[in-house]
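Colleague: Give me the fold of what follows.
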Amino acid sequence: ANLRLFFMALCLLKSIQMAFMFGFGISTALEIKFHQAYGNHIKTVGIGLSLASVFGAFNMWLGLKGSLQHNKFILTLHAVFDAVSFILHMYLGSEILFVTIPEFEDSLRLKCSENDVRPLDPVDDCRPYVQSVRTSGFQMVWRSYYYESGRDPNFFQKVIDVQRDGQCCGFGPPQRCYDWDPSFPHNNKFDASFYYTGTSTATPGSGDWAKYSTVRQICAPPVAGATPNENWYPSLPLSSESTSDSEPCDQIIDDREVPPRYGGCRYDFPLGTCKDLEVGIYNGCMYALENTMNAELAPPSLVILGLSVFQTLGILAACCFCWKRKQHDTFPDTLSNVPYDPFKNAKVDIAGALERKIHRPEHEKEGIEFMEET
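Modeller: Prediction:
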């Protein structure tokens, strides 16, 4: 009875586990930003989590039925399925956890997001990080947020939240833009055309935004004059259906010039008022955005790995049930426990007392009746 009660309690805990895995798997599979940042395989992992939760729910029902009927075949099948579920959960949870591990050290990532990276070298030390495939994924997330913020205030708020929490502005290091021709990798959702088809003229597939379908980084075109706009970022419009509280960043090169000349933006696609501050006050948000997105995946993956202990307990409970005899296959209590013998433990001679009572005189035989033969 206690073993069956433990099995039922374990099934209740497993139901909570499966509900969590199903919800997290669906959200991971449908969230576009995860595909952009970590690649399309994260979508496959999310779908795998959802399917594993459905399989786990079926196995939970199977185990509960086997425990109630004490069916050893079903219990054995349940133990095997629990072992398979344990392997699946460990693999899928580890896959998500591993993608949240940064490729470069925190100190380098933070320093390379600044305008002045000394004592590091901006080319030898920082460029491998800034132009890495992993950083390009987070760069695509930031650009999609920037573009979509023109027609969806939720994306605008997401950018503002990252900038406020990370004390940063824009994505890349301020005023350190370098043209880079390679297109985004095709083994993941880095295709810029997914978002960047709209332009200021509302012509799909053309204009500056469409260039990002084949080029990872475009800098502001140079402006001739005494004060150059070297290493400035381009000024690109938000979506054509703009309802954003922020305008595209297009800054004056030199306040002393009349008429003023605009040369792009010192920050990499910023939103809000941070772009109006001098370079050096804020870093780029490439470091903060990666940490923010990693924090959305790492804790749930650890929960998935930790809750896999339920599958281990399920295997042990099923094995104990199989080793336990069935109710109809056990000795009755009268055989397993010797019954109490009143004669053996009596302190008086019962037989002698009964015999003396039978052979007493007739007038003393009270309460004893004799049957006469006819």
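Colleague: Hmm, Ile218 is touching Gly172, no?
Modeller: No: using C-beta atoms under 8 Å, Ile218 makes no contact with Gly172, being 11.9 Å away. Where you see a C-beta, it was placed from the backbone N, CA and C, and this is true even at glycine.
Colleague: Please say which of these two ends up with more neighbours.
Modeller: Using other C-beta atoms under 10 Å as the criterion, Ile218 and Gly172 rank with Gly172 on top: 23 against 16.
Colleague: surely that one meets Cys265?
Modeller: No: using C-beta under 8 Å as the test, Gly172 is too far from Cys265 to be in contact (10.8 Å).
Colleague: Any regions of the stretch 51-200 of the chain where pLDDT drops low?
Modeller: Scanning the stretch 51-200 of the chain for pLDDT under 70 picks out 183-200.
Colleague: Skipping adjacent residues, who's closest to Ala37 in space?
Modeller: If the residues on either side of it in the chain are set aside, Ala37 comes closest to Gly137, at 4.2 Å by C-beta to C-beta, 6 or more residues apart in numbering.
Colleague: Output the helix or strand containing the one you found as CSV, restricted to C-alpha atoms.
Modeller: Gly137 is part of helix 133-148, with elements assigned from DSSP states H and E. Provided in CSV are the C-alpha atoms of helix 133-148 (Å, rounded to 0.1, in the frame of the first residue of the first chain):
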residue,chain,number,x,y,z
VAL,A,133,28.8,33.7,-35.9
ARG,A,134,27.4,33.8,-32.3
THR,A,135,27.6,37.6,-32.0
SER,A,136,26.0,37.9,-35.5
GLY,A,137,23.0,36.0,-34.3
PHE,A,138,22.4,38.5,-31.4
GLN,A,139,23.1,41.3,-33.8
MET,A,140,20.2,40.0,-36.0
VAL,A,141,18.0,40.0,-33.0
TRP,A,142,18.8,43.6,-32.2
ARG,A,143,18.2,44.7,-35.7
SER,A,144,14.9,43.0,-35.9
TYR,A,145,13.8,44.6,-32.7
TYR,A,146,14.9,48.0,-34.0
TYR,A,147,13.1,47.6,-37.3
GLU,A,148,9.9,46.1,-35.8
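Colleague: and it, what does it pack onto?
Modeller: Judged by 3 or more C-beta pairs under 8 Å, 6 or more residues apart in numbering; DSSP states H and E, helix 133-148 is in contact with helix 32-38, helix 153-166, helix 286-307.
Colleague: closest to Arg256 out of those helices?
Modeller: Closest to Arg256 of these, according to C-beta to C-beta: helix 153-166, at 29.1 Å.
Colleague: Which neighbouring elements make contact with the closest one?
Modeller: The helices and strands touching helix 153-166, judged by 3+ C-beta pairs under 8 Å, 6+ apart, are helix 133-148, helix 286-307.
Colleague: what inclination does the longest one have with respect to helix 133-148?
Modeller: Read that as helix 286-307. Between the axes of helix 286-307 and helix 133-148, defined by axes from the mean of the first three to the mean of the last three C-alpha atoms, to 10 degrees, the angle is 110 degrees.
Colleague: how about the helices and strands packed on helix 153-166 in CSV, adding distance to Phe24 and mean neighbour count?
Modeller: Listed next are the helices and strands packed on helix 153-166 as CSV, based on distance: least, C-beta to C-beta, whole Å; neighbours: other C-beta atoms under 10 Å:
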stretch, distance to Phe24, mean neighbour count
helix 133-148, 19, 22
helix 286-307, 5, 18
